[in-house]
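# Turn this into a structure:
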Amino acid sequence: MPQLRYTKDHEWARLDGNTAICGISAYAQDALGDVVYVELPDVGRTVKAGEQIAIVESSKVASDVYAPMDGEITSVNDVLSSNPALVNEAPTGQGWFFKIKFSDTAQHGALMDEKSYIDYTKGLHE
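Numbering: from 1, shown residues only. Sure thing, here's the model as predicted:
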């Protein structure tokens, strides 16, 4: 399985050909608590890295979700509309949010690998 890469805003991206499957990290969903609603982006929307493209709401707070790279949204995980708890159960698996068709693989490579992300999140508590 391709390696996950992470943003400082706690999104992840997994390459699958010229598409990246994206969601929020386990760290983010843990910080949010029980996810109760997910607003997904429109399929066909063109996005830029860092652009706000989705919203996740929990029993504690609502939080923006950002595009980890430039591209076009090719699909969304409609299952989250009826079962947003999947984000808590499997944030980097069945709880994915959207897929982006991208052209610049360098953007994916610029994201943090898992070790760097873990070190980054540890630094948030110090």
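
# Strands of this protein, start to end?
Under the criterion DSSP state E, the chain contains strands at 4-6, 11-16, 19-24, 35-39, 46-47, 52-58, 62-66, 71-76, 98-101.

# so which of those strands is the most packed in?
Mean neighbour count (mean count of other Cβ atoms under 10 Å) peaks for strand 19-24 among those, with a mean of 25. All C-beta spots, glycine's among them, are computed from the backbone N, C-alpha and C.

# For I118, which of the strands of the chain is the nearest?
strand 4-6 (9.1 Å; Cβ to Cβ).

# dump the residue contacts of G95.
For G95, the contact set (Cβ atoms under 8 Å, 6 or more residues apart in numbering) comprises 23-24, 29, 77, 80, 86-89.

# quick one: which of the residues you listed has the most company?
Neighbour counts for these peak at G23, which has 31 neighbours (criterion: other Cβ atoms under 10 Å).

# Spatially, what comes nearest to that one if we skip its sequence neighbours?
Among residues not flanking G23 along the chain, W96 sits closest, at 4.2 Å (Cβ to Cβ, 6 or more residues apart in numbering).
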